[in-house]
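Engineer: predicted structure and sequence below. I'll ask about it afterward.
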Amino acid sequence: MPETTPSGVGSNRDTYRGVILILLAASMMGVVGTFVAGWVIGDPVLLAAALALGLSAGILLGVTTAQTGRVKPPTSGTESSTSPSFPLIATLKELRNLRLWTAGAGGLAVVGLLIRFPAFPLLMPKPLWAGNAAALCLIGAGLSAVAARYLAEIDPTQLLEAPGLCYGARVTTWIMGLALMSVGLLCMGQRLLLCVVHILVLALDAAVCYAIFAAKQSDGNESFPLRLDVLSILGSRPNLLVSITDAMEQQLGIDLRSTWAFTVIRRGLEPLVIGLCVMGWLSTSLTVVGVEEQGLVERLGVPVSGAPLPPGLHVHWPWPIDRVSRIPMQRVQSFDVGHAGEEAEGPENVLWAIEHAPDEYSLLLGNGRELVTMDAAVQFRIVDARAWRYHCQNPADALRAIAYRAVMRSTVDRTLSEVLSEDRSTFTGQMRDMVQKDADAMDLGVQIVGFTVGAMHPPVPVAAEYEAVVSAELGKVTATVNAQALRNQLVPDAEAFVVARTDSARAESAEARGRAAGEAWSFRTLEAQYHAAPREYFFRRRLETLENGLAGRGFIIIDSRIERDGGELWLTQ
């Protein structure tokens, strides 16, 4: 009987090469999708599942390399084309390096996820993202199960790595199932169970990494080493429990399934599962109300009358008959006003020209030409649980709308300068009173603890224009102040100059009037002298004129009366 030759050995064509490439592409896409989903919703188990898919991709890459090496190019001459040949392209060294790189990268990723796990917030994810992540895990589990079933039907003589790949696909199916369960645990807030699942998946990843690192490959082996103990234990049979039992039988040499313990377990498995389901259903009749909460019971969708449930353990009808809504009564809650997105973490930037949060709102002021952006927060506390739960379908949204309406009322009849210069404590007090009044009118059952305004400024997109306007306003104020200072300096100097000139003019006027009066009196005196003795007057005036004209010189006056009086004057040379 002729010996069967594995597919691809001694030929140029590998029948299952395309299948391995499809599985490799699916694994790589699964790594990206699972990693992104886990990072967005904050689920560490999805990141560990992405690591498992990454290890699968590394293994499939090694299988592809081995397949390439098993393909022998056409030969000529007397050499048989059906004789096995050592890989020409992929050598044992290449396979060993690929195996070590896969194990090393996986080990580092395991350590990184263990270090990163305490930093995960483990908060309630958004329903849309959680649904997408769950759908992705379900699709991954389904594809892994289909691949495991397909690989189980392949003859190992046609694909040497088929059994190992089948085991790995089954283990991947269980890991994706755990990832799907982790999404539900995250939505339910079960942090402890989520930690247990995370550690379990990381332990599987670490075991696979160690098995890949410790795998041995003989010199004549033409396949990627996939006889890994962890895969054989967990994936040798579709049933996980049976697979573990087979592994224990191989190690211990005892048929554990024939023992009385397993017989009892098989017989009591169905009643045990039913009992556990019943106990799980009955456990929904127990509700623990926190110390800061009050519980409201709804029976078949109708609120149960009476006082709310106080803190402690309470027993009621199980789900879906009774449902308990826990309302936080003592905790002060808050919400932001002025923007839709969340502010970035880290030190606060006090510059108003930089956007502090995405989707900041701009409020139109009273003059219709100016806008203002406000960053505020409203702190409130629930004081009436029934009013908060039943008097409004969405009380949180209603309270937010009331807060925005109060802000609009406070700014609608003011200009930007008035809003920015408003007394902050008075301004926030008025808005807090408005919100409290409207909330009481809607009977929301809340007490407004505070209305704090972190910042009020013009919209960020018009920062440059507003800074130019502010600079112009400052320039205007500066010019006005300088003009007033110059006026205060020039006006007193001008007034003093006017007073001095006025006083000088008045003095000159008095002096001129005095001088004119003196000259007038002198003229009148001369006139009187003239009328008294005209000839003597003219004679005396003549003498005075000569004295004034010949001041400082010697002169002799000769009058015509000298001859009349009998005198003579002889002038000789």
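Structural biologist: Thanks, I have it. All values reported here derive from a predicted model rather than from experimental measurement. Numbering: from 1, shown residues only.
Engineer: got the domain ranges for the chain?
Structural biologist: If the domains of the chain are taken from automatic domain parsing, they occupy 17-74+85-258, 267-331, 333-343+351-458, with pieces of a single domain joined by a plus sign.
Engineer: grab the longest helix from the protein for me.
Structural biologist: Among the segments of the chain that qualify as a helix by DSSP state H, the longest is helix 463-532.
Engineer: from Ser283, how far off is Ile321?
Structural biologist: With the distance defined as C-beta to C-beta, to the nearest Å, Ile321 ends up 14 Å from Ser283. All C-beta atoms are positioned from the backbone trio N, CA, C, and that covers glycine.
Engineer: what is the burial count for the residue nearest to Tyr390 when sequence neighbours are not counted?
Structural biologist: Taking C-beta to C-beta, 6 or more residues apart in numbering as the measure, Tyr390 lies nearest to Pro303, with 6.2 Å between them; neighbours along the chain are not counted. The local packing count at Pro303 equals 13, with neighbours defined by other C-beta atoms under 10 Å.
Engineer: could you do the one 4 residues further on as well?
Structural biologist: Ala307 is surrounded by 8 other residues when neighbours are defined as other C-beta under 10 Å.
Engineer: doesn't it fall inside a strand?
Structural biologist: No: note on Ala307: no strand contains this position according to DSSP: H, G, I helix; E, B strand; the rest coil, which reports coil.
Engineer: for Gln484, find the nearest of the domains of the chain.
Structural biologist: The closest of the domains of the chain to Gln484 is domain 333-343+351-458. By C-beta to C-beta, the value is 20.8 Å.
Engineer: could you dump the domains of the chain to JSON lines with distance to Arg553 and mean pLDDT?
Structural biologist: Listed next are these as JSON lines, based on distance: least, C-beta to C-beta, whole Å; pLDDT from 0 to 100:
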{"stretch": "domain 17-74+85-258", "distance to Arg553": "124", "mean pLDDT": "78"}
{"stretch": "domain 267-331", "distance to Arg553": "124", "mean pLDDT": "83"}
{"stretch": "domain 333-343+351-458", "distance to Arg553": "89", "mean pLDDT": "73"}
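Engineer: among those, which is nearest Phe539?
Structural biologist: Distance to Phe539, taken as C-beta to C-beta, is lowest for domain 333-343+351-458 among those, at 93.2 Å.
Engineer: coming back round to it: how about the domains of the chain in CSV, adding distance to Ala507?
Structural biologist: Output for these, formatted as CSV (distance: least, C-beta to C-beta, whole Å):
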stretch, distance to Ala507
domain 17-74+85-258, 94
domain 267-331, 89
domain 333-343+351-458, 55
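Engineer: just the ones you listed: most buried one?
Structural biologist: domain 17-74+85-258 (a mean of 18; mean count of other C-beta atoms under 10 Å).
Engineer: surely Leu194 is in a strand?
Structural biologist: No: using three-state DSSP, the assignment for Leu194 is helix, not a strand.
Engineer: need the contact list for it.
Structural biologist: Listed by C-beta atoms under 8 Å, 6 or more residues apart in numbering, the contact set of Leu194 reads 43-45, 122, 182, 185-186.
Engineer: what's the local residue count around Leu474?
Structural biologist: A total of 10 residues lie near Leu474 under the criterion other C-beta under 10 Å.
Engineer: now do the same for it: its pLDDT.
Structural biologist: pLDDT, Leu474: 80.
Engineer: rewinding a little: wait, which of the domains of the chain is closest to Arg541?
Structural biologist: Nearest to Arg541 among these is domain 333-343+351-458; the distance by C-beta to C-beta comes to 86.0 Å.
Engineer: ok, Leu151 to Asp229 distance?
Structural biologist: Leu151 is 19 Å from Asp229, where distance means C-beta to C-beta.
Engineer: likewise Gln67?
Structural biologist: Per C-beta to C-beta, Gln67 is found 24 Å from Asp229.
Engineer: for Phe335, same thing?
Structural biologist: Taking C-beta to C-beta as the measure, Phe335 and Asp229 are separated by 55 Å.
Engineer: Arg541 too?
Structural biologist: Computed as C-beta to C-beta, the Arg541 to Asp229 distance reads 157 Å.
Engineer: one step back: among the contacts of Leu194, name the ones in helices.
Structural biologist: Using DSSP H, 44-45, 182, 185-186 are the members of those that sit in helices.
Engineer: secondary structure element for the closest residue to Leu114 other than its chain neighbours?
Structural biologist: Distances taken as C-beta to C-beta, 6+ apart place Leu202 nearest to Leu114, at 6.6 Å, with adjacent residues excluded. In this assignment (DSSP states H and E), Leu202 forms part of helix 191-214.
Engineer: how far off centre is that helix?
Structural biologist: Shown here is helix 191-214, whose average C-alpha point lies 33 Å from the average C-alpha point of the whole chain (C-alpha atoms, centre = their mean, to the nearest Å).
Engineer: show me what the following helix or strand past that helix packs onto, helices and strands only.
Structural biologist: Per DSSP H and E, the first helix or strand lying C-terminal to helix 191-214 is helix 229-235. Other helices and strands packing on helix 229-235, by 3 or more C-beta pairs under 8 Å, 6 or more residues apart in numbering; DSSP states H and E, are helix 162-188, helix 191-214, helix 240-252.
Engineer: which stretches of the stretch 451-573 of the chain have low pLDDT?
Structural biologist: By pLDDT under 70, the weakly predicted segments of the stretch 451-573 of the chain are 454-467, 469-470, 558-573.
Engineer: from Ala517, how far off is Ala48?
Structural biologist: Distance from Ala48 to Ala517, by C-beta to C-beta: 123 Å.
Engineer: hang on, Tyr537 packs against Thr525?
Structural biologist: No: contact status for Tyr537 versus Thr525: not in contact, 11.0 Å apart, counting by C-beta atoms under 8 Å.
Engineer: looking at the two, which is more packed in?
Structural biologist: Set side by side, Tyr537 and Thr525 give different neighbour counts by other C-beta under 10 Å, the larger being at Tyr537 (16 against 10).
Engineer: assumed Arg326 was part of a strand.
Structural biologist: Yes: per three-state DSSP, Arg326 lies within a strand segment.
Engineer: which residues touch the residue nearest to it when sequence neighbours are not counted?
Structural biologist: Leaving aside its sequence neighbours, Arg326 sits nearest to Glu293 (C-beta to C-beta, 6+ apart; 4.6 Å). The neighbours of Glu293, taking C-beta under 8 Å, 6+ apart as the test, are 311, 326-330.
Engineer: make CSV out of those residues and add distance to Leu136.
Structural biologist: Written out in CSV, the entries for these read as follows (distance: C-beta to C-beta, whole Å):
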residue, distance to Leu136
Pro311, 39
Arg326, 31
Ile327, 35
Pro328, 33
Met329, 39
Gln330, 39
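Engineer: closest to Gly33 among the residues you listed?
Structural biologist: Taking C-beta to C-beta as the measure, Gly33 lies nearest Arg326 of the contacts of Glu293, at 35.1 Å.
Engineer: and the longest helix of the chain, what other elements does it pack with?
Structural biologist: Using 3+ C-beta pairs under 8 Å, 6+ apart as the contact criterion, the neighbours of helix 463-532 among helices and strands are helix 534-549.
Engineer: which strands and helices sit next to the helix it packs on?
Structural biologist: Using 3+ C-beta pairs under 8 Å, 6+ apart as the contact criterion, the elements in contact with helix 534-549 are helix 463-532.
Engineer: now do the helix it packs on and helix 534-549, the angle between them.
Structural biologist: Here the directions of helix 463-532 and helix 534-549 differ by 130 degrees (axes from the mean of the first three to the mean of the last three C-alpha atoms, to 10 degrees).
Engineer: so how far is helix 463-532 off the chain centroid?
Structural biologist: Offset of helix 463-532 from its chain centre (C-alpha atoms, centre = their mean): 69 Å.
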